[in-house]
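Asks: Just a sequence and a predicted model for now, questions to come.
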Amino acid sequence: MNWSQQRNNAIRGLLLSLLLCAIPACATAQQKKPPAPPPSKPAEAPKPAPKPAPAPKPAEAPKPAAKPEPKPATGGAAHPSPASRTNNTGGARPNTSAAPRAGNTAGARPGGTTGTRTRGTAPAARAEAERVYAPPVVVARPGGGKIATNAAGHKTEYNPAGKKTTFETKSGTKANYDQKGYIRTIHTRSGMTINHGSHGERRYETRRPDGGRIVGFGRGRGYAEHVYYRGGHPYMRRTYFYNGQHYAYAYRGYYWHGHLYYGYVPPHYYASPYYGWAITPWGARVAFGWGWNAAPWYRAYGYYLAPAPFYDSPALWLTDYLLAANLQAEYEARAQTNAAAAPSDAAAADGQATITPEMKQLIADEVRAQIQAEQGEEESAPANPEPEAPVSNTPPPAAQNGPDVAPAALDPALKTFLVSTVLSESVSDGTECSLSPGDILTRIQDTPDANQAVKVVVASSQRNDCAAGTQLVFAVADLQDMHNDFRAKLGEGLNQLAQNQGKNGIPAGPPAASKPNPNGQVQPDLTVEADLKTQQDEVAQAESDIQQASVITPGSDD
């Protein structure tokens, strides 16, 4: 055997010896368990792998059968039980709790799905995004058309042609529309009526418990009425507040078929000869310059009112005075409400005609008749004085005192009426149209219906108002208001005519020589300004309620 073989034999022997030594050590290692890691709790001994998971503690709710408790990892420390965890649940995101929140499903946030959260979105935006809009409930409208009630509880009525006629909020505030979809009136639950004129004007009317009213024409402009009694007869005091000034008129109450109407009582009478001169033609044509061309109100309404080039009687002169007074009052009311600019003279190019000479003559005839009636009152007053009587706010025991007296609004001799305030009236299709101061009506019915209303026809109107020829059913009380205003402005006109006697071409006449009328003398009510302010606040709230409720939203009726 050579040296190489001896070396190989020696290496084999050494390897065999090492193998024989390693076999006992491996057997021993297989019988011993490797040392466990340090326990998480000093008092708790490490748990061998073959042992099952510990049973639930008595305070812990039992787990569902479908989800058995998972076994702990071999050789590791035991995990805390689900009931003892404070920040996590098995498989849940951090910072969620296993217990369900009040009013929600387990693990769910309000407005979301179970186990999910919405981040970076404001609560109001999340609610709006998740809101489900219900379609409106539509029912047939008596007489044709439909009524649609949206999810918010607001109702909209449509006529058979599909035009919106009314909108009523769930709180009871109601708006009526014209044929173009503009609001013409708003009626509140408290009984207030808000009229929207076609030129931007506003009129607000609130009824008092005693039968009087508060009527506003914009900011700090209007009147308040109070009922009082004189010798057992009902009277009404109307206090106007314009441009920071107070003045008052008196109205005498008369009953007609159980309904109470008030007629204007002049605060003074003129001398009978002056009345006679005012109803007599002059015998010559008078070219009178009014000086209106530079006035803002006339630039607005000059397309509608063209003064006569010549006047042959005081009655025709007074007619233009009355028309101008109404238009000027309307212009000032619009300025108070910050309405848009009035129509210009160019409006005549739209086909809108001015008040015709024939229509002016009808008004002049009414002027002459009223002057004659007032002359008769002046002449009979000394012979039939009304006895002095104390003024009281307490009504007499009887509901009615005196015989029936028809109001002037129903006098068959008085057919023509000048509109003196903004009003809105219903037309045949269920919508409304508006009337403005300066429009002219002709009464075509003498006997009122059960609602104390009569038929009238629009004889002349401004642009965008009720069209000429339109027939309306008009309250007798509103016509009486127009007549009362006509008489009050006529008294002012007679005073202006007296001041212009012998000037600017007007012939001289007898002195006016006015004298007070005791029954027409009243002191103004100084609380009217505060009453109008309170009313204005209610108007603003009603307008806001309609505006907010009528905003178009998904699922609405529009």
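Replies: That came through fine.
Asks: May I have the secondary structure class of V539?
Replies: Following DSSP: H, G, I helix; E, B strand; the rest coil, we place V539 in the helix state.
Asks: Next, the contact list for it, please.
Replies: Going by CB atoms under 8 Å, 6 or more residues apart in numbering, V539 touches 192, 194, 202, 204, 216. To be clear about C-beta, it is placed using only N, CA and C from the backbone, and glycine gets the same treatment.
Asks: residues in contact with V215?
Replies: Applying CB under 8 Å, 6+ apart to V215 gives the contacts 203-206, 222-225, 421.
Asks: A helix includes it, no?
Replies: No: under three-state DSSP, V215 falls outside any helix and is assigned strand.
Asks: what bridges to it?
Replies: Bridge pairing for V215 (DSSP bridges) gives the partners E205, Y223.
Asks: what's the distance between it and T416?
Replies: To T416, V215 is 23 Å away according to CB to CB, to the nearest Å.
Asks: Pretty sure Y274 sits in a strand.
Replies: No: with the criterion set as three-state DSSP, the secondary structure at Y274 is helix rather than a strand.
Asks: still on that earlier bit, compare the contacts of V539 and tell me which has the most neighbours.
Replies: Neighbour counts for the contacts of V539 (other CB atoms under 10 Å) peak at G216, which has 28 neighbours.
Asks: still on that earlier bit, nearest to R285, of the contacts of V215?
Replies: Of all the contacts of V215, R285 sits closest to T421, with 34.0 Å by CB to CB.
Asks: How about the contacts made by the closest one?
Replies: By CB under 8 Å, 6+ apart, the neighbours of T421 are 203, 215, 217, 437, 481, 485.
Asks: follow-up on the earlier one: looking at the contacts of V539, which is nearest V458?
Replies: For V458, the nearest member of the contacts of V539 is R202. The distance, counting by CB to CB, is 21.2 Å.
Asks: measure V391 to V227 for me?
Replies: If you measure V391 against V227 using CB to CB, the figure is 11 Å.
Asks: out of the two, which sits in the busier spot?
Replies: When V391 is set against V227 and neighbours are counted by other CB under 10 Å, the residue ahead is V227, at 19 against 11.
Asks: ok, back up a step: for my notes, please list the contacts of V215 in a markdown table and give distance to P516 and pLDDT for each entry.
Replies: Conversion of these to a markdown table gives the following (distance: CB to CB, whole Å; pLDDT from 0 to 100):
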| residue | distance to P516 | pLDDT |
| --- | --- | --- |
| R203 | 32 | 93 |
| Y204 | 33 | 94 |
| E205 | 31 | 96 |
| T206 | 32 | 95 |
| G222 | 26 | 93 |
| Y223 | 22 | 96 |
| A224 | 23 | 96 |
| E225 | 22 | 96 |
| T421 | 28 | 94 |
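Asks: Now distance to L305 too, for the residues you listed, in a markdown table please.
Replies: Formatted as a markdown table, the contacts of V215 follow (distance: CB to CB, whole Å):
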| residue | distance to L305 |
| --- | --- |
| R203 | 21 |
| Y204 | 26 |
| E205 | 27 |
| T206 | 32 |
| G222 | 24 |
| Y223 | 25 |
| A224 | 30 |
| E225 | 30 |
| T421 | 17 |
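Asks: Are any of those buried, and if so which?
Replies: Members of these that pass the buried threshold by neighbour count (16 or more other CB atoms under 10 Å) are listed as 203-206, 222-225, 421.
Asks: who's in contact with A409?
Replies: For A409, the set of contacting residues under the criterion of CB under 8 Å, 6+ apart consists of 261, 417, 443, 476, 479-480, 482-483.
Asks: number of nearby residues for the residue lying closest to E201 once chain neighbours are set aside?
Replies: What sits nearest to E201 in space, not counting adjacent residues and going by CB to CB, 6 or more residues apart in numbering, is V422, at 4.7 Å. As a burial measure, V422 scores 26 neighbours (other CB under 10 Å).
Asks: and if you look at the one 4 residues further on?
Replies: Using other CB under 10 Å, S426 has 15 neighbouring residues.
Asks: Grab the nearest non-local neighbour of it.
Replies: E432 (5.5 Å).
Asks: what about that neighbour, how many neighbours?
Replies: Using other CB under 10 Å, E432 has 24 other residues around it.
Asks: Surely it touches Y177?
Replies: Yes: with contact taken as CB atoms under 8 Å, E432 and Y177 are classed as touching, separated by 6.9 Å.
Asks: any common contacting residues for these two?
Replies: The contact sets of E432 and Y177 overlap at R184 (CB under 8 Å, 6+ apart).
Asks: now the contacts of V539 as CSV including distance to R238?
Replies: Shown next, in CSV, are the contacts of V539 (distance: CB to CB, whole Å):
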residue, distance to R238
M192, 18
I194, 20
R202, 19
Y204, 16
G216, 13
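Asks: and the two most separated of those residues?
Replies: Every pair in the contacts of V539 was compared (CB to CB); the two farthest apart turn out to be M192 and R202, at 12.0 Å.
Asks: quick check, nearest of the contacts of A409 to K533?
Replies: Minimum separation from K533 among the contacts of A409 (CB to CB) is found for M482, which lies at 27.1 Å.
Asks: For that closest one, grab the count of nearby residues.
Replies: Under the neighbour criterion other CB under 10 Å, M482 is assigned a count of 22.
Asks: wait, what's in contact with the nearest residue in space to it that is not next to it in sequence?
Replies: Leaving aside its chain neighbours, M482 sits nearest to F417 (4.6 Å; criterion: CB to CB, 6+ apart). Counting by CB under 8 Å, 6+ apart, F417 touches 409, 440-443, 456, 479, 482-483, 486.
Asks: Can you list which of the residues you listed are found in helices?
Replies: Using DSSP state H to define helices, the subset of the contacts of F417 located there is 479, 482-483, 486.
Asks: Can I get these in a markdown table including pLDDT and distance to Y321?
Replies: As requested, these are arranged in a markdown table below (pLDDT from 0 to 100; distance: CB to CB, whole Å):
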| residue | pLDDT | distance to Y321 |
| --- | --- | --- |
| L479 | 98 | 21 |
| M482 | 97 | 16 |
| H483 | 97 | 17 |
| F486 | 97 | 12 |
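Asks: what are the ranges of the helices in the stretch 401-550 of the chain?
Replies: For the stretch 401-550 of the chain, helices defined by DSSP state H, counting those that start in this stretch occupy the ranges 476-499, 528-549.
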